[in-house]
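Colleague: Need a 3D model of the sequence below.
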Amino acid sequence: MNALPLTRPSKKDQILAVDDSPDNLFLLQTLLEEEGYDITLAENGRVALEKIEISPPELVLLDVMMPEMDGFEVTKRIRTNPKLPFIPILLITAYDHPSVVKGLDMGADDFIRKPVEVDELLARVRSLLRLKHSVDERDEIARQREDFVSRLTHDLRTPLVAADRILNLMQQGALGEIPPPVLEAIVTMTRSNHNLLTMVNTLLEVYRYEAGRKYLSFSAIPVQQVIEEVIQELSALARDKKLSLDYQTAKQLNSIVMSDRLELHRLFTNLLGNAIKFTDNGSVTVRLRNSSKTSEGNQSWVVIEVQDTGFGISPEDQKQLFERFRQGSHKRSGSGLGLYLSKRIVEAHQGTIKVKSELGKGTLFTVTLPNHV
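Modeller: You can find the predicted model right below:
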C-alpha cells in the first residue's frame, strides 16, 4: 500500500472589504466570491478595526474616503497595532497622486483607482495574497527554527551540566586520588566543557529574547555589588594571564538601577570576560560613575565603562559588533552572540551600550543605565 503524501488542508483566503457605500460592498463581494474568496464586509472604519481584532483577514480592501474615520486612519491603526500579524492593505481611491503617496506612507501596500477595473483588481488581490502567504511561511519557518533551537539547547545543556559536576568532583578528589598528569587533563576538560556550556546558555538566552519568552524580574539593584561580584569571579582569569584588573569608583557612590539581577550579572560577565579574553598584556579597568547629562528631563544615569589594553577592534568589525552571529575578524572571536545578547539586555533595561576602539590600543565599552536613586 502506497503512503499518501502529506498536504496542507485547503483554506479560502479571507478578505475584508471596507466601504461606506453598500453598492460598492455588494460589487466587491460579488466579484471576489466568484473567484473563491471568503469575503467579510464592514461599512466603516470602526467596524473594520473591530472585525480585524477578532479575526485578522489575509487582505484588507479599504476605501479611502469614508465618514468618521477615513482609510488613512484605519491603515495607521492597523500598522501601529503590535498584536496584529502582517495584513496587506489595498487602498481604493478616486483621488490623485498626493492621496496615493499619503496612503503608502501610512503603511498601505498597494492602491487601485476608481472606477475599478475588474481584471486589475483581481490581479492586485492575487499579488498581495502571494505576499501575505510568503510572509506567513517565512514567519512559520522562523518559529520552527526557534523551537528547534530551544529544544536543542535544553537537550545539550543537561549532559554538559552533569559532566561539569563530575569533573569538579574529580578535581576535588571526591572520586579518589587523581595522578597529576590526569588532573591536568581534567582541568583542560573542565575549561572546555565550561566554555561550551556558556555558549549553549547564551544561545538559549538569545532565543528567549527573540521569541518574547524572556521574563525579567525587576528590583532595585546596587550596581556596585554586581560589578564587585563579577570582578571577584573573573579575577582568577586575569591573574592567569598576568593582567591587572582594576576597579575605579567614587566613595559613597549611590548607583541604583531597576534591573533583573541575573541579567545585569550576565551583562557585566560578558563585557569583562571579553576584555580579559582579548587582552594579552596590560590591564582591564572597570569604572563606575553617575552622570546627570541627558536630553530627556532630569533623569540621571549610571555609567559603567569596561576598558582594556587588548588588540582593539577594526572599524569594519565595529559596525556589526552587536549583530547576531557576527563574528569579528580576530582568530579568538567566539559565536557572535555574546555582545548581541549584551545589547538586548541593556535595551531591556532602557539603557544604551557603545564601543570605542582602535587597533593595537584597546577597546572601551560604555553602558548607560537609568539611575533610580
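
Colleague: CA only for contacts and neighbour counts going forward, please
Modeller: OK.

Colleague: Give me the secondary structure label for Leu288.
Modeller: strand (DSSP: H, G, I helix; E, B strand; the rest coil).

Colleague: Surely it and Gln248 touch.
Modeller: Yes: using C-alpha atoms under 8 Å, Leu288 is in contact with Gln248, at 6.4 Å.

Colleague: Which one's more surrounded, the two?
Modeller: Set Leu288 next to Gln248 and count neighbours by other C-alpha atoms under 10 Å: Leu288 wins out with 19 against 11.

Colleague: what about the more buried one, distance to Gln232?
Modeller: Going from Leu288 to Gln232 by C-alpha to C-alpha, to the nearest Å gives 16 Å.

Colleague: Likewise for Leu369?
Modeller: 22 Å.

Colleague: Repeat that for Pro115.
Modeller: Separation of Pro115 from Gln232 (C-alpha to C-alpha): 74 Å.

Colleague: distance of the spatially most central residue of the chain from Asn201?
Modeller: The chain has Glu210 as the residue nearest its centroid, 4.2 Å off, counting by C-alpha atoms, centre = their mean. Remark: distance between Glu210 and Asn201 (C-alpha to C-alpha) = 14 Å.

Colleague: for Thr363, same thing?
Modeller: Per C-alpha to C-alpha, Thr363 is found 25 Å from Asn201.

Colleague: if you count what's nearby, which of the two comes out ahead?
Modeller: Set side by side, Thr363 and Asn201 show more neighbours around Thr363, with 22 against 16, by other C-alpha under 10 Å.

Colleague: tell me the average confidence for the strand or helix carrying the more buried one?
Modeller: Element membership of Thr363 [criterion: DSSP states H and E] is strand 362-370. Model confidence over strand 362-370, given as mean pLDDT, is 95.

Colleague: Now do the strands in the stretch 201-350 of the chain.
Modeller: Secondary structure of the stretch 201-350 of the chain by DSSP state E, counting those that start in this stretch: the strands cover 219-222, 244-249, 256-259, 283-291, 301-308.

Colleague: Tell me which of the ones you listed sits most buried.
Modeller: Comparing the strands of the stretch 201-350 of the chain by mean neighbour count (mean count of other C-alpha atoms under 10 Å), strand 301-308 comes out on top with a mean of 23.

Colleague: and the direction of that strand versus that of strand 244-249, what angle?
Modeller: 160 degrees (axes from the mean of the first three to the mean of the last three C-alpha atoms, to 10 degrees).

Colleague: Grab the CA positions of strand 301-308 and hand them over as CSV.
Modeller: Provided in CSV are the C-alpha atoms of strand 301-308 (Å, rounded to 0.1, in the frame of the first residue of the first chain):
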residue,chain,number,x,y,z
TRP,A,301,22.3,57.8,34.7
VAL,A,302,24.6,55.2,35.9
VAL,A,303,27.7,54.9,33.6
ILE,A,304,29.8,51.7,33.5
GLU,A,305,32.9,51.6,31.5
VAL,A,306,35.0,48.5,30.7
GLN,A,307,38.3,49.4,29.1
ASP,A,308,41.2,47.1,28.1
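
Colleague: Now tell me what touches it from outside.
Modeller: Applying C-alpha atoms under 8 Å, 6 or more residues apart in numbering, the contact partners of strand 301-308 are 255-257, 271-272, 275-276, 279, 282-293, 362-371.

Colleague: Leu369 and Gln232: which has the busier surroundings?
Modeller: Leu369 (25 against 11).

Colleague: That one and Ser235: what is the separation?
Modeller: Leu369 sits 25 Å away from Ser235, taking C-alpha to C-alpha as the criterion.
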